[in-house]
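S.K.: Sequence first, then the predicted structure, then my questions.
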Amino acid sequence: MIVDARGHRCPMPSLRLQKALRETPAGTRVTLLATDPMARIDVPFLMADVGGRVVSVEESEGVLAIVVETPAGPTG
């Protein structure tokens, strides 16, 4: 899944990502596209808060592509 938040300023990229995470199954990878450099800081905090993780952060031509993984579902 791709969440396109290009052109939006903080906190919108994180809020859009948070909404997408609620709508995806556990263990899903989601890519956030953002032009706001604060997303590089905000997203790791969001993922720590929800129990997920940042898989990678890449930047190309001013666009951040942040790949995150939703928290794993319950085991057992």
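M.R.: Received the coordinates, thanks.
S.K.: What mean pLDDT does the helix or strand encompassing F45 get?
M.R.: Applying DSSP states H and E as the criterion places F45 in helix 39-50. Averaged over helix 39-50, pLDDT sits at 95.
S.K.: So which elements touch the helix or strand following that helix?
M.R.: The first helix or strand that comes after helix 39-50 along the chain, using DSSP H and E, is strand 53-60. Here strand 53-60 touches helix 39-50, strand 63-69, going by 3 or more Cβ pairs under 8 Å, 6 or more residues apart in numbering; DSSP states H and E. (Each C-beta comes from the backbone N, C-alpha and C, glycine too.)
S.K.: Can you pull the phi/psi pair for E23?
M.R.: phi -100, psi 10 (degrees, to the nearest 10).
S.K.: burial count for it?
M.R.: When neighbours are counted by other Cβ atoms under 10 Å, E23 registers 10.
S.K.: measure it to L17 for me?
M.R.: 11 Å (Cβ to Cβ, to the nearest Å).
S.K.: any idea which element A20 lies in?
M.R.: Short version, using DSSP H and E: A20 is in helix 12-22.
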